[in-house]
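Engineer: Sharing a model prediction with you, sequence too.
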Amino acid sequence: MPKVIKQEGEDPDPSPWLFVSLEQKRIDQSKPYDAKKACWVPDEKEGYVLGEIKSTKGDLVTVSVPGGETKDLKKDLVAQVNPPKYEKCEDMSNLTYLNDASVLHNLRQRYLAKLIYTYSGLFCIVINPYKRWPLYTNRVAKMYRGKRRAEMPPHLFSISDGAYVNMLTDHENQSMLITGESGAGKTENTKKVIAYFATIGASTKKSESDEKKGSLEDQVVQTNPVLEAFGNAKTVRNDNSSRFGKFIRIHFSGSGKLSGADIETYLLEKARVISQQSLERSYHIFYQMMSGSVPGLKDMCILSNNIMDYHIVSQGKTTIPNVDDGEECELTDGKTTIPSVDDSEEMQLTDNRAVKIVNNNDNDKLNLEKTLLSSRMSDYPTITQGKTRIPGINDGEEFEITDGKITIPGIDDGEECQLADQAFDVLGFTQEEKDNIYKIVAAVMHMGAMQFKQRGREEQAEADGTEAGEKVAKLLGVDTQDLYKNLLKPRIKVGNEFVTQGRNKDQVYNSVGALCKGVFDRLFKWLVKKCNETLDTKQKRVHFIGVLDIAGFEIFDYNGFEQLCINFTNEKLQQFFNHHMFVLEQEEYKKEGIDWAFIDFGMDLLACIEMIEKPMGILSILEEESMFPKATDQTFAEKLMVNHLGKSAPFLKPKPPKPGCQAGHFAIAHYAGVVTYNITGWLEKNKDPLNDTVVDQFKKGANNLLVEIFADHPGQSAPADAGGKGGRGKKGGGFATVSSSYREQLNNLMTTLRSTHPHFVRCIIPNELKQTGLIDAKLVMHQLTCNGVLEGIRICRKGFPNRMNYPDFKLRYQILAPQEMFHEKDQKKAAQACFDKIGLDPELYRIGHTKASKRFSPLKEIFLNDHRPSSFYSLRNALYLLYCNAPLI
């Protein structure tokens, strides 16, 4: 999680990150340019390079490219180059030549000039800078407050302020959909949006309760440290990845004052609690608590000083670049790192051995013979996942396990823990609630450290030491012996009676893992509920602005149930975007009677969505199989193949796996690419079973928070037909599965979004190496194509997105043709008279049934055109001033 930028004195001047300097403009516009010869030529590495047309013969063009090489290409592969005056253009819908090459070039040049925001017609593109620049200070917020989009350079605050103004003027709920692939910067931009709304909607009055807990605007902002600590984690692509979706509604009064907020979350990735891939961490809170920055916390939670003592949160063996917690750290026994780490301080993986270079006393030496360890580290897969190399990543920087901590370079877990602890106070958590939160998190860590072994040849497990279990019992306020008894021999209901069932070692470990996930998931949901209670001020709510931050599209070597849910959500959001930006736009033209050729942008996602959610779709089959006791992963896979292979176009056979990766069972052609899915364990994940005997024990424990988070779970004490959220009760005649609950949540979200006026922010990953100032052309173009940016620009240029009804048009623009418009009683004819008077090109506007519509073009270019009649120039300056304050349509 990023640190807050601490500033002393005035905020720094943000101009270098917002504006192109006059000197740079002069340089850009003095570049040589020949409209007839300049062209863009496809290039494997750069995407496109600037070329020069040498000759044309039929359908072939001979071009020269940098380096002196000459190529013969088909005409349709060569793209036109925009005049120099469009270099680093703020809004790409204004480009004279709108093509893929020009869009990539413009974004690349702006990004290299530290200009990360660019407009793209009606929405905004932001490229992750992988660096902190002073773009979100109070100084910047004041610059954008109350300004029209055309008056300021592109910025997230401009989109946010536009949504706020629209809410007040149109009396309509608004939404901001901040989307993009994982690692593109959605979470960071979401935080800035929420902070901006909290600031502009802040009340000037402070109550006594505000002084004690914090003002409402403070509380809205302080939900971030809490949600990030418990819901964000380090992944391969993103050091602070949101592993859940959230939709935050900021509520306002009729006058625009903040009146409350609420948060809805979607599908926390529970599997991450007990399992992480190489180079990844579990949720930040585990590592924050291990930092020891909150006095007395580790002692209260009975935590050691070594993260490696807690297997379930140390499997990725990861250090995340840019977290600063390794400067004063020293190695201790039991830590495994990878090559490129200083031999005098670090443990290395060399020649398949775990070797510690002696730098302390003899007791620190790692003796393979005495510990009876194999000489090959590969014999221990659970502790060698972190030695995997990723191309382009310096392992010495990427991996540090020092001082018993798994850290992220550039992120101070200790400081983040303090921020989360302080956020609890601002949000009104009691000390008992805080203590119990930490105890439950620590109990999950200790639970994952519990050891079991098989009892001889019996199909019965037994405890292999009870130290970890005793810590769990103490933290949760339950009896240790009963805890082990309930894990090893739980009671199950057979008919009308309860019987004791023995468990083997694997079954017990699976049960413990499910409990770890279930406890953490319920704690997370309770935290959200508590935040919502605090943010519910009971003040009058008139309208809201919703901000959506959901995990971006994911394609990994191994894609499971979580990836299907995430990618399905992104399919639905992309469909919503397409529907709003393309379909509704074109339907409006039909309704207005505007001459318009319907454009097929090739982005129809319905086939894929229906294949997943329709009756006998993938999720329906999953839910059906989850209800059959004898169903297996194999029977589930067979039903998918029978129902969809060869029948549903997006359903494909999986490609052969990469070396060392598990094979997939099926593949789906998503809008962002083909993803291969492995269905291992999907039925269990969907049923989400817990050991009811242990749940009953938790519900009677002394940890009040633990009792509360399991209050709605029926356990074994409830009647057979009892249900409840998170429980195993019946719902509509079947189990309340994870997939059915998620589908219901997602449908509710889409219904809410459709009732709002949406604003779209597209976040882009510039490269996979997390390096500032580097553009991977192929990666960027893939995102621009998949998320609809290129299609969005084209429809803005081909369509007429700026509209105004005739009464408003006449009131605002009668000054341009006073006599003609005053005497004309027919409002449509009055608007036409205005356009005729100023000599506006008929191709730039349309006269509809109820509205006048105009293309997305800057007025100063329209009205300063040299071909306008001379009588127009007397109005030019007044009109331009009018445009600055109220753009035409």
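Structural biologist: The structure has been received and is ready for your questions. Numbering: from 1, shown residues only.

Engineer: Centre-most residue in this structure?
Structural biologist: Closest to where the C-alpha atoms of the chain average out (Cα atoms, centre = their mean) is residue 551, at 3.7 Å.

Engineer: May I ask you to confirm that it is in contact with residue 243?
Structural biologist: Yes: here residue 551 reaches residue 243: they are 6.9 Å apart, a contact under Cβ atoms under 8 Å. All C-beta atoms are positioned from the backbone trio N, CA, C, and that covers glycine.

Engineer: Do a quick rundown of the helices in the stretch 151-300 of the chain.
Structural biologist: For the stretch 151-300 of the chain, the helices defined by DSSP state H, counting those that start in this stretch cover 156-170, 186-200, 208-213, 216-231, 284-290, 297-300.

Engineer: I would like the residues contacting the strand ranked longest in the chain, please.
Structural biologist: Identified as the longest strand of the chain according to DSSP state E is strand 47-57. By Cβ atoms under 8 Å, 6 or more residues apart in numbering, the surrounding residues in contact with strand 47-57 are 34, 36-43, 61-66, 70-71, 75, 78-79, 81, 100-101, 104-105, 777-778, 780-781.

Engineer: go with 6 Å
Structural biologist: 37, 39-41, 43, 61-66, 101, 104, 777, 781 (Cβ atoms under 6 Å, 6 or more residues apart in numbering).

Engineer: that older thread, count of residues packed around the closest residue to the residue nearest to the centre of the chain other than its chain neighbours?
Structural biologist: Closest residue to residue 551 apart from its sequence neighbours, by Cβ to Cβ, 6 or more residues apart in numbering: residue 566 at 4.7 Å. As a burial measure, residue 566 scores 22 neighbours (other Cβ atoms under 10 Å).

Engineer: Then residue 566 would be within a strand, right?
Structural biologist: No: under DSSP: H, G, I helix; E, B strand; the rest coil, residue 566 falls outside any strand and is assigned helix.

Engineer: That one reaches residue 553, doesn't it?
Structural biologist: No: applying Cβ atoms under 6 Å, one finds residue 566 not in contact with residue 553, separated by 7.3 Å.

Engineer: Mutual contacts of those two, please.
Structural biologist: With Cβ under 6 Å, 6+ apart, residue 566 and residue 553 have no common neighbours.

Engineer: What lies in contact with stretch 112-123?
Structural biologist: By Cβ under 6 Å, 6+ apart, the surrounding residues in contact with stretch 112-123 are 17, 90-93, 107, 110, 125-127, 129, 154-155, 760, 789, 792-793, 796.

Engineer: Just the ones of those in strands?
Structural biologist: Counted as lying in strands by DSSP E, out of the contacts of stretch 112-123, are 125, 126, 127, 760.

Engineer: Find the pair from those residues with maximum spatial separation.
Structural biologist: Farthest-apart pair in the ones in strands among the contacts of stretch 112-123 is 127 and 760; separation 15.3 Å (Cβ to Cβ).

Engineer: Distance from the chain centre to the helix or strand hosting residue 624, please.
Structural biologist: For residue 624, the enclosing helix or strand under DSSP states H and E is helix 618-626. Chain-centre distance of helix 618-626: 27 Å, with Cα atoms, centre = their mean, to the nearest Å.

Engineer: next helix or strand past that helix?
Structural biologist: Moving toward the C-terminus from helix 618-626, the next helix or strand (DSSP H and E) is helix 633-644.

Engineer: How about residues contacting that next one?
Structural biologist: The contact list for helix 633-644 (Cβ under 6 Å, 6+ apart) reads 616, 621, 625, 651, 665, 666, 679, 680.

Engineer: buried subset of the residues you listed?
Structural biologist: Buried by 16 or more other Cβ atoms under 10 Å: 621, 625, 651, 665, 666, 679, 680, out of these.

Engineer: Between those, which sits nearest residue 738?
Structural biologist: For the buried ones among the contacts of helix 633-644, the closest approach to residue 738 (Cβ to Cβ) belongs to residue 625, at 13.2 Å.

Engineer: which residue sits closest to the closest one in space, ignoring its chain neighbours?
Structural biologist: residue 631 (4.1 Å).

Engineer: Verify the contact between the one you found and residue 622 for me.
Structural biologist: No: using Cβ under 6 Å, residue 631 is not in contact with residue 622, being 9.8 Å away.

Engineer: Compare the two and say which is more crowded by neighbours.
Structural biologist: Neighbours were tallied for residue 631 and for residue 622 using other Cβ under 10 Å; the higher tally belongs to residue 622 (25 against 15).

Engineer: ok, now how distant is that one from residue 570?
Structural biologist: 19 Å (Cβ to Cβ, to the nearest Å).

Engineer: For the lengthiest helix in the chain, give the mean pLDDT please.
Structural biologist: The helix that spans the most residues within the chain, counting by DSSP state H, is helix 505-535. Mean per-residue pLDDT for helix 505-535: 97.

Engineer: Which residues outside the helix or strand that comes right after it are in contact with it?
Structural biologist: Later in the chain than helix 505-535, the nearest helix or strand by DSSP H and E is strand 543-549. For strand 543-549, the surrounding residues in contact (Cβ under 6 Å, 6+ apart) are 163, 167, 173-178, 186-187, 190, 193, 246-252.

Engineer: Can you give me the neighbour number for residue 463?
Structural biologist: Counted by other Cβ under 10 Å, the residues lying close to residue 463 total 20.
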